[in-house]
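Asks: Any chance you could fold what I've pasted below:
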Amino acid sequence: MQHCKNCKSPLDQDCKFCPNCGQKVTNTNKKKITKRVIATKALMIADTLFLIAVICALLWNYQHPSLPNSVPGSIYKMVITTDDDGSKQSETAYIVFHNRPTYQFADSKEQAEEFRKNASNNAAYSFVKNDIYLYTDDIKLVVVNHDRKNINAKVENIDQDNSTNENTHVNMTKIE
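Replies: Numbering: from 1, shown residues only. Reported below is the predicted structural model:
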């Protein structure tokens, strides 16, 4: 129950003036409730925005994983395209990236699966920034773009003269 601020007499819930002294009554309960409602709504909006930001970050990370986290333990089908003097040539091969940072080339998916089970005669690979180095073959795959299943790269030789073959591109598709 409310009381008049002027004469302290009890007031009815809906009265606008004090029946004892005639003082105008201000309803303080509504202001308190309104502030509480606004604070609650603001907190709900902040929580919702935070949740949306977390979901977006997780989706971004799922769609754009870092290569060192997504490549090891995988088999990729490689299509190597060379464009020399206007004549395009393509070769298909498979590459097995083992978890130990070693790799093997294979001629078929079945051979790649067998290599993954029985890893032997492996060559080392590593990641530097966003590039993949295949050390035994003296090749650097300069990654142009990648997502969860595909890697598009250009080939760069890492021999003494550090030559780059701008006409050779590799498209790798993760199959397992």
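Asks: Using CSV, list the CA coordinates for the lowest-mean-pLDDT helix or strand in the chain.
Replies: Lowest mean confidence among the helices and strands of the chain (mean pLDDT, DSSP states H and E): helix 67-70, at a mean of 70. Extracted in CSV, the C-alpha atoms of helix 67-70 (Å, rounded to 0.1, in the frame of the first residue of the first chain):
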residue,chain,number,x,y,z
LEU,A,67,45.3,-25.9,-42.5
PRO,A,68,47.4,-27.4,-39.7
ASN,A,69,44.1,-28.5,-38.0
SER,A,70,42.3,-29.9,-41.0
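Asks: and the residue nearest to residue 7 when sequence neighbours are not counted, how many neighbours?
Replies: Leaving aside its sequence neighbours, residue 7 sits nearest to residue 21 (C-beta to C-beta, 6 or more residues apart in numbering; 4.3 Å). Every C-beta, even on glycine, is put in place using the N, C-alpha and C of the backbone. Residues lying near residue 21 (other C-beta atoms under 10 Å) number 12.
Asks: Quick check, residue 21 in contact with residue 8.
Replies: No: using C-beta atoms under 8 Å, residue 21 is not in contact with residue 8, being 9.6 Å away.
Asks: related to what we said a few turns ago, identify each buried residue in the least confident helix or strand of the chain, please.
Replies: 67, 70 (16 or more other C-beta atoms under 10 Å).
Asks: what's in contact with that helix?
Replies: Here helix 67-70 makes contact (C-beta atoms under 8 Å, 6 or more residues apart in numbering) with 127, 130, 132, 143, 146, 148, 151, 174.
Asks: hmm, try it at 6 Å
Replies: The contact list for helix 67-70 (C-beta atoms under 6 Å, 6 or more residues apart in numbering) reads residue 127.
Asks: swap in stretch 54-63?
Replies: For stretch 54-63, contacts defined as C-beta under 6 Å, 6+ apart pick out residue 147.
Asks: Send me that stretch as PDB with only the CA atoms.
Replies: Provided in PDB are the C-alpha atoms of stretch 54-63 (Å, rounded to 0.1, in the frame of the first residue of the first chain):
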ATOM      1  CA  VAL A  54      29.600 -17.000 -30.600                       C
ATOM      2  CA  ILE A  55      27.600 -18.900 -33.200                       C
ATOM      3  CA  CYS A  56      29.000 -16.800 -36.100                       C
ATOM      4  CA  ALA A  57      32.600 -17.400 -34.800                       C
ATOM      5  CA  LEU A  58      31.900 -21.200 -34.600                       C
ATOM      6  CA  LEU A  59      30.400 -21.300 -38.100                       C
ATOM      7  CA  TRP A  60      33.400 -19.200 -39.500                       C
ATOM      8  CA  ASN A  61      35.900 -21.600 -37.800                       C
ATOM      9  CA  TYR A  62      34.000 -24.600 -39.200                       C
ATOM     10  CA  GLN A  63      34.000 -23.200 -42.700                       C
END
